[in-house]
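K.L.:
Here is my input; please provide its structure:
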Amino acid sequence: MTRTMKQIAGKAGGLKRKIRDRRRSVQKRVMALAQALRHKGIEGEQKRRREYGELLRLTRQILNDSQRVLVEIEAMPARRRRVVQGLGERLETMAGQVRRVVRQTKARVIEGITQFPDKLLSLFETHTEVIRKGKAAKPNEFGNVVELQEAENQIITHYEVFEKRCSDQRLLLPAIQAHQRKLGRVPGWIAADAGFYSHANEEKAKALGVKYLSIPNRNTRSEQRRRWEKQRWFKRAQAWRTGCEGRISVIKRRHGLNRCRYHGIQGMRRWVGLGVIADNLINIGRYLAPKTA
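P.N.:
This next block holds a predicted model:
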């Protein structure tokens, strides 16, 4: 916000009041807060609250400066206002997002409210969500959920980037329909993890023409269901699915899907799509190489 206000002042030929640069003060407070996070107990909690309070105070001062600049832009002659109109819109958008962050920070740190509605996790990538991984080393990640569908020879036939996370159970039938739409037929085999299981999903998938559906039900108490999941074809499909999990790791490491270089949800979809294309080209080449040698 400070950089944007300075750009506005430069393009407008100056403002009534000089823009105060508080970035150094903010940086000091952030460093002090990082040090306070290392302290445990009541004393550490009090120190963190104090540093958060100072950081919020500085942020409100910057927001007040931005409001003053926006009011001054509105009072400018039309010619000068057109020069800085784009920067003014960017400043107004960023100020609104920062106000949201201030409100949710105050609610969490000062008032102790952890379940804040419509929580904003990134000022620059507002579509970012918290992804609960449930792993000890990495319980939470930030980004968006990506679905990959893999067929024979490690070829990815479909991908989807979800703006809002939904239950895995709701993804199975759309995945079958996407496969049918692209390849002209329903898949004969489907293997997925337990998150995709529901009795309704199994019945609807079979009604669509899926012959073998390997999705474990972790909550079953039925001995008949347990025997069903111990069949050779079921275990074979689950072993194949476990191998597919490695595709996610490979596409992250080899094609940079662990971090998106484009902005916005559409940029993320483009980035994932390019990674999928690159990975498919490598695997198609490996499959065709023995035949052309």
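
K.L.:
Where do the strands of the stretch 101-250 of the chain begin and end?
P.N.:
Applying DSSP state E, counting those that start in this stretch to the stretch 101-250 of the chain gives strands spanning 129-132, 140-143, 146-150, 156-161, 189-191, 212-214.

K.L.:
For these, state which one has the densest average packing.
P.N.:
strand 189-191 (a mean of 20; mean count of other CB atoms under 10 Å). For the C-beta atoms, the positions are set from N, CA and C on the backbone; glycine is no exception.

K.L.:
Just the mean pLDDT for that one, thanks.
P.N.:
For strand 189-191, mean pLDDT rounds to 90.

K.L.:
quick one: it to chain centroid distance?
P.N.:
27 Å (CA atoms, centre = their mean, to the nearest Å).

K.L.:
who does that strand pair up with?
P.N.:
Strand pairing for strand 189-191, using DSSP bridges, gives strand 212-214 (parallel).

K.L.:
Lys13 contacts Arg80, correct?
P.N.:
To be clear, residue 13 is Gly; Lys isn't right here. Yes: counting by CB atoms under 8 Å, Arg80 is a contact partner of Gly13 at 7.3 Å.

K.L.:
Neighbour count: those two, which is higher?
P.N.:
Arg80 (14 against 9; other CB atoms under 10 Å).

K.L.:
list the contacts for that one?
P.N.:
12-13 (CB atoms under 8 Å, 6 or more residues apart in numbering).

K.L.:
Check the spacing between it and Gln67 real quick.
P.N.:
Per CB to CB, to the nearest Å, Arg80 is found 19 Å from Gln67.

K.L.:
Can you get me a residue count around Met1?
P.N.:
Neighbour tally, Met1, other CB under 10 Å: 21.

K.L.:
Please identify which helix or strand holds Arg3.
P.N.:
Following DSSP states H and E, one finds Arg3 within helix 2-12.

K.L.:
and that helix, what other elements does it pack with?
P.N.:
Secondary-structure packing of helix 2-12 (3 or more CB pairs under 8 Å, 6 or more residues apart in numbering; DSSP states H and E): helix 41-75, helix 78-83, helix 85-105.
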